[in-house]
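*Asks:* Below are the sequence and a predicted model; questions follow.
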Amino acid sequence: MVGCNQFPEDKSGMALMKLINDFINEEYQFSGAQVTEAFKLAVKRELWLDGKRINPSTFGQHLSVNVVGQVLTAYKEWKRDSTARPQGYNYNQLPEAQTKTITPLEAYELCSKWFKQEGELINAPVNMAYEYLLENGQVEKIEKIKTNRFEDNFDGRKHRTVENYIKSKL
């Protein structure tokens, strides 16, 4: 690391290296590759701890347990945050959406069920229910007068016809 003195090659240097090694193994259980990545991120100034960037500088002194602890704690938080971020997904790998079209009979049954529960037909498949009733001779054909493209689904005559038929059957 830049700005860090080499460890002395005597017993005091070996004791300091052993102290740091034991500290990493006991407190963090990181592999050598993870420790290397942590220090690389710290040198690149990409690690934050308590809202401040980690400064891995030792100011010309030997590497200390304090600096190692700050870097590895910030790295642990960085890893936790990076795994919490939503990862992109490949939409091509998603299963194909299963759609099932309903029959006019199912549409009529659905409209009946919803009308019994809600008392009105909002966003119900009334056009298909109307087709079912028309096919079975339950209602008469309505002349189509179209003033806007949404009329059939909301306040159209088919809607009122299906609703009135269901009311008469209750």
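*Replies:* Perfect, thanks for sending it. Everything numeric here is computed off the predicted structure, so don't read it as measured data.
*Asks:* Just to check, Leu47 is in contact with Lys79?
*Replies:* No - here Leu47 does not reach Lys79: they are 10.3 Å apart, not a contact under Cβ atoms under 8 Å. Glycine gets a C-beta too; all of them are placed from N, C-alpha and C.
*Asks:* neighbour count winner among those two?
*Replies:* Leu47 (24 against 15; other Cβ atoms under 10 Å).
*Asks:* Ala38 - nearest residue in space that isn't next to it in sequence?
*Replies:* Tyr75 (3.5 Å; Cβ to Cβ, 6 or more residues apart in numbering).
*Asks:* typed the wrong thing, it's Arg157
*Replies:* Closest residue to Arg157 apart from its sequence neighbours, by Cβ to Cβ, 6+ apart: Ile142 at 5.1 Å.
*Asks:* secondary structure class for the one you found?
*Replies:* At Ile142 the chain is in coil, as set by DSSP: H, G, I helix; E, B strand; the rest coil.
*Asks:* OK, contacts around it?
*Replies:* By Cβ atoms under 8 Å, 6 or more residues apart in numbering, the contact set of Ile142 is 157-158, 161.
*Asks:* Any chance of those residues in CSV with pLDDT as columns?
*Replies:* Below are those laid out as CSV (pLDDT from 0 to 100):
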residue, pLDDT
Arg157, 80
Lys158, 82
Thr161, 87
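*Asks:* So which of those residues sit within helices?
*Replies:* 157-158, 161 (DSSP state H).
*Asks:* surely Val68 meets Asp22?
*Replies:* No - using Cβ under 8 Å, Val68 is not in contact with Asp22; the gap is 11.1 Å.
*Asks:* Neighbour count for these two, which is higher?
*Replies:* Using other Cβ under 10 Å as the criterion, Val68 and Asp22 rank with Val68 on top: 21 against 11.
*Asks:* what's the nearest residue to the more buried one if we skip its chain neighbours?
*Replies:* With Cβ to Cβ, 6+ apart as the criterion, Val68 has its nearest non-adjacent residue at 5.6 Å, and that residue is Ile20.
*Asks:* part of a helix, is the one you found?
*Replies:* Yes - under three-state DSSP, Ile20 falls within a helix.
*Asks:* quick one, what contacts it?
*Replies:* With Cβ under 8 Å, 6+ apart, Ile20 has these contacts: 63, 65, 68.
*Asks:* Just the pLDDT at it, thanks.
*Replies:* Note for Ile20: predicted pLDDT of 84.
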